[in-house]
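> A predicted structure for the sequence below; I have some questions about it.
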Amino acid sequence: MDVIISIFVHLPPGLRQLVPRRCVQGLRDKGMILLEAYTPLQLDYKTGGPPAAEMMMYMQSLSSEFNGLKFLHLQECVRKIHEGEFHNGTGAVVQVLAIKNRK
């Protein structure tokens, strides 16, 4: 694949360990991943996202889960979310833009 986009895709812990590894394997050289997801801090805002911290993502864990990628952008931040009726207001997110380097 040339690009994988994951916007607010929150998986249970078992899949969270499998899916990132498979994404990296499936990317072509110079393929990119664009991701935005809620961090556990989102539970304080109650403006959307899963109800359990174990389904949310941390910047530190993503850097190891997407092993083999070069991160062009990797940050946690608090921003305004306007994604429809159930995802509206202040949100705590992690953002990723990463590229697969040639081996």
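Structure's in. What do you need?
> find the nearest non-adjacent residue to Pro20, please.
Among residues not flanking Pro20 along the chain, Glu65 sits closest, at 3.9 Å (Cβ to Cβ, 6 or more residues apart in numbering). The way it works is simple: take the backbone N, C-alpha and C, and place the C-beta from them, glycine included.
> please apply the same query to Cys23.
The spatial neighbour of Cys23 that comes closest, neighbours along the chain excluded (Cβ to Cβ, 6+ apart), is Ile4 at 5.2 Å.
> give the contact list for the one you found.
Contacts were defined as Cβ atoms under 8 Å, 6 or more residues apart in numbering; by that measure Ile4 touches 23, 26-27, 31-34.
> can I get the buried ones among those as something I can paste into ChimeraX?
Selecting the buried subset of these in ChimeraX, with 16 or more other Cβ atoms under 10 Å as the burial test, is done by:
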select :23,27,31,32,33
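> among the contacts of Ile4, name the ones in strands.
32-34 (DSSP state E).
> so how far is Arg79 from Lys70?
In this structure, Lys70 and Arg79 are separated by 24 Å, where distance is defined by Cβ to Cβ, to the nearest Å.
> can you redo the ones in strands among the contacts of Ile4 as TSV with pLDDT and distance to Val93?
Compiled in TSV, the ones in strands among the contacts of Ile4 are given as follows (pLDDT from 0 to 100; distance: Cβ to Cβ, whole Å):
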residue	pLDDT	distance to Val93
Met32	97	18
Ile33	97	15
Leu34	98	13
